[in-house]
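>>> next input, structure requested:
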Amino acid sequence: MKRKLLFSLIGAIVIFAWQFLSFAIPNFHKSAAAYSPTQDSILNMCQKQGLREGMYFLGQPDPSLSQAEQEVWMEKLEGKPWAVINYHETNSMSMAMNMTRGFLVCFVISFLLYWLFMQQKDQTLSNRLLLSLAVGMIGFFFVPYTNFIWYKTPDIFAHFADGIVPWLILGFIGHKMAQLQTKQP
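As a prediction, this is how the structure comes out:
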C-alpha cells in the first residue's frame, strides 16, 4: 500500500506539473483563451441582456419550437456565425481550492493507474507504457476530442499532448515502482 500511495503522490505531481506547463508556461492551450480587445463591450452586453451564469451555444434554434420549425431555423443558420459562451457573473482569482481539488484528482487518477498496472498479467515496460498511454488516450478521446468534433476547440493538439506526455512518464515510473513491489517478499 505504501508503494501505491507513493506512486499516487509522484503521479499527482507529474500530472499537476504537466498541467501547469500545458496551461501556464509555455501555455499550449493559449488559443482556447485568446484575448479580444472587444471583451469589455461583449461582457457589458451580456450583463445588460441579463444573461444568467451558464454555458450557451449561440447559433441554434429555440428549443421550444416544433421539430419542423427548428429544421427551418437550422437551414437559415447554415453558414452563419456561431459561438459558445461560458458566462460567469463574478470573477474570482482565488485559486487555492481549485488547485487543491485538481491535485487530489491527479492523486486519485494516479492511484487508479497503479492499480491497473498491478492487474496486468504481462508486466513488461512496453505493456505498462501502452496501458498508461491507453488511459491518456481514453481521456483525450472522451472529452476534448468529442468536444472538438462539435465545437472546434482551437487547442485540440495541446489536449492531444496532454493525453500522451504525462501518461508515458507515469507508465515508465509506474513500471519501475511496480517492479520493486513485485520483487519484495
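
>>> which stretches of the chain have low pLDDT?
182-185 (pLDDT under 70).

>>> where do the helices sit along it?
Taking DSSP state H as the criterion, the chain carries its helices at 2-23, 39-48, 67-77, 96-119, 125-140, 146-151, 156-162, 165-183.

>>> mind giving me the packing neighbours of the shortest one?
Other elements packing on helix 146-151 under the criterion 3 or more C-beta pairs under 8 Å, 6 or more residues apart in numbering; DSSP states H and E are absent; no helix or strand qualifies. Placement of C-beta: from N, CA and C, glycine included.

>>> before we move on, back to that, which one of the helices of the chain lies closest to Thr90?
The closest of those to Thr90 is helix 39-48. By C-beta to C-beta, the value is 11.0 Å.

>>> just to revisit the earlier point, can you redo the helices of the chain as JSON lines with mean neighbour count and distance to Val84?
Listed next are the helices of the chain as JSON lines, based on neighbours: other C-beta atoms under 10 Å; distance: least, C-beta to C-beta, whole Å:
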{"stretch": "helix 2-23", "mean neighbour count": "17", "distance to Val84": "19"}
{"stretch": "helix 39-48", "mean neighbour count": "11", "distance to Val84": "13"}
{"stretch": "helix 67-77", "mean neighbour count": "11", "distance to Val84": "14"}
{"stretch": "helix 96-119", "mean neighbour count": "15", "distance to Val84": "21"}
{"stretch": "helix 125-140", "mean neighbour count": "17", "distance to Val84": "20"}
{"stretch": "helix 146-151", "mean neighbour count": "12", "distance to Val84": "6"}
{"stretch": "helix 156-162", "mean neighbour count": "19", "distance to Val84": "14"}
{"stretch": "helix 165-183", "mean neighbour count": "18", "distance to Val84": "27"}
